[in-house]
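> okay, structure incoming, though there's no sequence with it:
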């Protein structure tokens, strides 16, 4: 069986690396012959620091589907078309928005150095922080500290985009139209009903919709209608559920 895991808020918490108990449970899954894929809003660059070295070659979907990696190589990326890119930059300028903008590896960032978003960006200095004009291809944007949510959302919604708004935090996570985690999984060759998905947020809906089994960590109103199970956001409970899968026979629909 294939297991697909979101990371932040699902199997790791507060931006910290995977805990030993989760690593041991994942290792037992692979020992029993199961395959593991990670699917995150983080770009591939920022997935690596929270994973143990021996998992760096696992298949990964990053940037909510905008990038796909396998065997330590990025094999596919999707970027904003030039006209959409220009419209987004105009919105950023008009509203004086703070941002984290990613290419396939390097990034551009404005905002405080002590902002929680900044702490999770390239902590191991694998990439370069560059001026925005140096990013020739933009694959993902995070706009944050947005004061006027309504006006900014109206402007963004007029464009062909995928927008995830994070609660009342003033954060908009933006990807090209038609791109989500399920799209990334398909580019890795996954088929409908062929995997078990773990997630915790609205950006996991697409991969829950196409999963054989979908397990929600914690509680999220938008996601719960697509979940077949729910677990507490606790390493011990999650590890126990993973270990229970190890010898469970699977019958795919």
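That came in fine, so what should we check first? Since we're looking at a predicted model, the values are computed, not measured.
> ramachandran angles for the residue nearest to residue 81 when sequence neighbours are not counted?
Setting aside the residues directly before and after it, residue 81 is nearest to residue 176 in space (CB to CB, 6 or more residues apart in numbering), at 7.6 Å. For glycine as for every other residue, the C-beta is placed from the backbone atoms N, C-alpha and C. Main-chain dihedrals, residue 176, degrees, to the nearest 10: phi -60, psi 150.
> hmm, residue 176 is touching residue 161, no?
Yes. Using CB atoms under 8 Å, residue 176 is in contact with residue 161, at 7.0 Å.
> give me the below-cutoff pLDDT ranges for the stretch 51-200 of the chain.
Within the stretch 51-200 of the chain, the segments meeting pLDDT under 70 span 167-169.
> the strands in it, which residues?
All strands of the stretch 51-200 of the chain, identified by DSSP state E, counting those that start in this stretch, fall at 60-62, 67-70, 73-77, 98-102, 107-109, 140-144, 161-165, 172-176, 195-199.
> what sits against residue 143?
92, 97, 98, 99, 152, 171, 172, 174 (CB atoms under 8 Å, 6 or more residues apart in numbering).
> check the offset of stretch 56-65 from the chain's centre.
Offset of stretch 56-65 from its chain centre (CA atoms, centre = their mean, to the nearest Å): 8 Å.
> show residues contacting that stretch.
So stretch 56-65 is contacted by 35-48, 51, 67-72, 78, 102, 139-140, 162, 164, 173, 175, 179-185, 188, 203, 206 (CB under 8 Å, 6+ apart).
> coming back round to it: and residue 176 and residue 161? which has more neighbours close in?
residue 176 (23 against 19; other CB atoms under 10 Å).
> what about the more buried one, distance to residue 225?
25 Å (CB to CB, to the nearest Å).
> ditto for residue 118
In terms of CB to CB, residue 118 sits 34 Å off from residue 225.
> hang on, the earlier thing: report the buried members of the contacts of stretch 56-65.
36-48, 51, 67-70, 78, 102, 139-140, 162, 164, 173, 175, 179-185, 188, 203, 206 (16 or more other CB atoms under 10 Å).
> re earlier: quick check: neighbours shared by residue 176 and residue 161?
residue 84.
> helix or strand: which one has residue 243?
Under the criterion of DSSP states H and E, residue 243 resides in helix 235-245.
> what's in contact with that helix?
1, 3, 11, 13, 19, 21-22, 24-26, 28-29, 34, 196, 198, 215, 217, 229, 231-232.
> same check, this time on stretch 162-177
41, 63-66, 78-81, 84, 88, 117, 139-147, 149, 152-153, 156-157, 160-161, 178-180, 201-203.
> narrow these to those that are buried.
41, 63-66, 78-80, 84, 88, 117, 139-144, 146, 152, 156, 161, 179-180, 201-203.
> all the helices of this structure, residue numbers only.
Using DSSP state H, the helices of the chain run over residues 20-31, 44-47, 82-95, 116-119, 149-157, 181-187, 205-209, 221-224, 235-245.
> so which of those helices comes closest to residue 55?
Of all the helices of the chain, it is helix 20-31 that lies closest to residue 55, at 7.4 Å by CB to CB.
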